[in-house]
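Novice: here is a sequence with its predicted model. Questions after.
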Amino acid sequence: MDISTPVYILEEKKLEKNLQLLDYVQKQSGAKILLALKGFAFQASFDLVGKYLHGCCASGLHEAKLAHQEMQKEVHTYAPAFKDEEIDEIISISNHLVFNSFNQWQKYKDMAVGKLSCGLRVNPEVSASPKEIYNPCSPYSRLGITKAEFKEDLLEGIEGLHFHALCEQDADALEDVLKSFEEKFGHLISQMKWINFGGGHHITREGYDVKKLITLIKEFKVRYDVEVYLELGEAVGWQTGTLVTIVLDIVHNDIDIAILDTSAEAHMPDTIIMPYRAEVRGAKKAGEKAYTYRLAGNTCLAGDIMGDYSFDTPLKVGDKIIFEDQIHYTIVKNTTFNGIKLPDLAIQKEDGTIEVVKKFGYDEYKRRN
Ligand SMILES: *Cc1c(COP(=O)(O)O)cnc(C)c1O
């Protein structure tokens with residue numbers, strides 16, 4: 001079929017396979033699993049996701065609204081900080097609300113208690129992540145309350161604790177985090193209704209120790225008699241689709257460079273930020289096959305480069321280049337990351353008055369995913 005590029009293609013069959021494994025974990029362990037929209041937000045898949053998972057975790061108003069309106073299952077909302085003008089609506093459409101500090105909890109407590117289940121995000125100070133930029137508990141992290149800052153006298157009304165300390169990890173890393181979490185906050189767990197183990201559990205990756213995860217959760221539930229939640233982004237969208245682009249031109253400057261109708265900077269920024277190398281279908285590392293090209297974006301940023309790849313045959317203008325595994329975390333860069341509101345546009349006139357000329361809100365977010 002002829003479809004225009006660039007395009008992300010989500011493969012439903014692969015998504016359903018991931019969801020079936022996650023559902024197995026739910027059934028065996030008794031934990032409830034949520035989709036973290038931060039990592040994978042694609043409305044057209046919500047019926048399928050909702051068939052297996054318990055709902056969504058949202059990073060703010062826009063994601064919460066999308067989950068509430070389009071999936072209509074549980075909505076758990078956490079943000080580093082909430083805004084006065086959004087908190088009412090967030091409360092009205094969420095089931096769980098997780099605060100990042102005692103300041104925020106005290107500020108919004110009276111509005112929230114009785115309307116939904118409130119929790120606090122803690123920092124277990126043990127974490128694991130492939131890069132520091134993705135480490136939620138790196139030094140000076142703003143994400144979650146440390147034991148030193150924790151105020152046990154302000155817990156009235158709190159029904160749950162939340163931690164998120166992993167990125168792309170196996171079950172042994174969760175075991176380490178749990179150990180630290182229980183050492184620091186274990187004496188409070190029995191007075192909670194739920195504990196949220198966050199995301200970063202790479203459950204659908206080949207070789208993940210699913211059995212160990214199930215055992216850890218089951219034993220935890222026995223120890224404390226609480227509901228356990230996992231909120232997964234990457235594990236849901238893991239290897240479920242591609243970003244398809246074409247070659248627009250091939251130029252030569254000591255090496256061959258293929259200019260694609262996509263952009264690392266705009267469409268797949270993790271390849272620059274992390275950085276990581278996306279797999280390209282049929283290609284290997286530079287020099288391993290006969291014809292090597294640098295794949296680069298169609299923008300004016302010099303560093304808009306996906307990497308150097310080699311192919312069996314020379315590339316031609318019009319050839320398709322297929323980047324593998326571009327559905328989680330790549331796609332959400334196109335939908336405003338975390339659903340965070342785009343800045344409005346305003347002009348300051350010569351007389352000093354400021355005129356707002358464009359406002360962006362939920363509609364902009366929804367239209368993009
Ligand atoms: C990013 C994030 C998740 C999802 O993490 P994955 O690595 O995609 O599973 C879950 N919870 C919170 C609070 C997050 O910030």
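Specialist: Sure thing, it's come through. Numbers count the residues shown, from 1 in each chain.

Novice: and for Gly114, the neighbour number?
Specialist: Around Gly114 there are 8 other residues, counting by other Cβ atoms under 10 Å. No exception for glycine: its C-beta is placed from N, CA and C like everyone else's.

Novice: so what pLDDT did it get?
Specialist: You'll see Gly114 listed with a pLDDT of 97.

Novice: likewise the one 4 residues further on?
Specialist: Looking at Cys118, its pLDDT reads 98.

Novice: is the helix or strand where it lies anywhere near the ligand?
Specialist: For Cys118, the element it lies in under DSSP states H and E is strand 117-121. No - using Cβ under 6 Å from any ligand atom, we find that strand 117-121 stays clear of the ligand, coming within 7.2 Å at best.

Novice: need the residues that contact that strand.
Specialist: 78, 95-100, 102, 105, 109, 112, 143-145, 157-164, 192-194, 196 (Cβ atoms under 8 Å, 6 or more residues apart in numbering).

Novice: partner strands of that strand, with direction?
Specialist: strand 96-99 (parallel), strand 158-162 (parallel) (DSSP bridges).

Novice: could I get the contacting residues of Ser190?
Specialist: 224-226.

Novice: of the contacts of strand 117-121, buried ones?
Specialist: For these, a neighbour count by 16 or more other Cβ atoms under 10 Å gives the buried set as 78, 95-100, 102, 105, 109, 112, 143-145, 158-164, 192, 194, 196.

Novice: of those residues, list those near the ligand.
Specialist: 78, 164.

Novice: could you dump the strands paired with strand 117-121 to TSV with mean pLDDT?
Specialist: Converted to TSV, these look like this (pLDDT from 0 to 100):
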stretch	mean pLDDT
strand 96-99	98
strand 158-162	98
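
Novice: of those strands, which approaches Lys179 most closely?
Specialist: Set against Lys179 and scored by Cβ to Cβ, the strands paired with strand 117-121 come closest in strand 158-162, at 15.2 Å.

Novice: can you name the next helix or strand after that closest one?
Specialist: Immediately after strand 158-162, counting by DSSP H and E, sits helix 171-189.

Novice: residues in the stretch 151-300 of the chain within reach of the ligand, list them.
Specialist: 164, 167, 198-200, 231-235.

Novice: hmm, try it at 5 Å
Specialist: Taking Cβ under 5 Å from any ligand atom as the measure of proximity, the stretch 151-300 of the chain contacts the ligand at 164, 198-200, 231-234.

Novice: so of those residues, which ones are in strands?
Specialist: 231-232 (DSSP state E).

Novice: between the residues of the stretch 151-300 of the chain next to the ligand, which sits nearest Lys32?
Specialist: Closest to Lys32, out of all of these and judged by Cβ to Cβ, is Glu231, at 9.5 Å.

Novice: residues contacting that closest one?
Specialist: Neighbouring residues of Glu231 by Cβ under 8 Å, 6+ apart: 33-36, 57, 76, 164, 196, 198-199.

Novice: with distance to Leu315 added, can I get those in JSON lines?
Specialist: Converted to JSON lines, these look like this (distance: Cβ to Cβ, whole Å):
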{"residue": "Ile33", "distance to Leu315": "41"}
{"residue": "Leu34", "distance to Leu315": "42"}
{"residue": "Leu35", "distance to Leu315": "37"}
{"residue": "Ala36", "distance to Leu315": "37"}
{"residue": "Cys57", "distance to Leu315": "41"}
{"residue": "His76", "distance to Leu315": "46"}
{"residue": "His164", "distance to Leu315": "41"}
{"residue": "Asn196", "distance to Leu315": "47"}
{"residue": "Gly198", "distance to Leu315": "42"}
{"residue": "Gly199", "distance to Leu315": "37"}
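
Novice: out of the contacts of Ser190, which is nearest to His68?
Specialist: Closest to His68, out of all of the contacts of Ser190 and judged by Cβ to Cβ, is Val226, at 24.9 Å.

Novice: ok, the closest one touching Gly186?
Specialist: No - using Cβ atoms under 8 Å as the test, Val226 is too far from Gly186 to be in contact (11.7 Å).

Novice: quick one on the thing from earlier: closest one to Phe42 among the strands paired with strand 117-121?
Specialist: strand 96-99 (22.6 Å).

Novice: beyond that closest one, next helix or strand please.
Specialist: helix 102-112.

Novice: export the least confident helix or strand in the chain by mean pLDDT as PDB, just CAs?
Specialist: Ranking every helix and strand in the chain by mean pLDDT, DSSP states H and E puts helix 270-273 at the bottom, with a mean of 84. Extracted in PDB, the C-alpha atoms of helix 270-273 (Å, rounded to 0.1, in the frame of the first residue of the first chain):
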ATOM      1  CA  ASP A 270      16.300  10.400  21.900                       C
ATOM      2  CA  THR A 271      18.800   9.400  19.200                       C
ATOM      3  CA  ILE A 272      20.500  12.700  19.900                       C
ATOM      4  CA  ILE A 273      19.700  13.200  23.600                       C
END
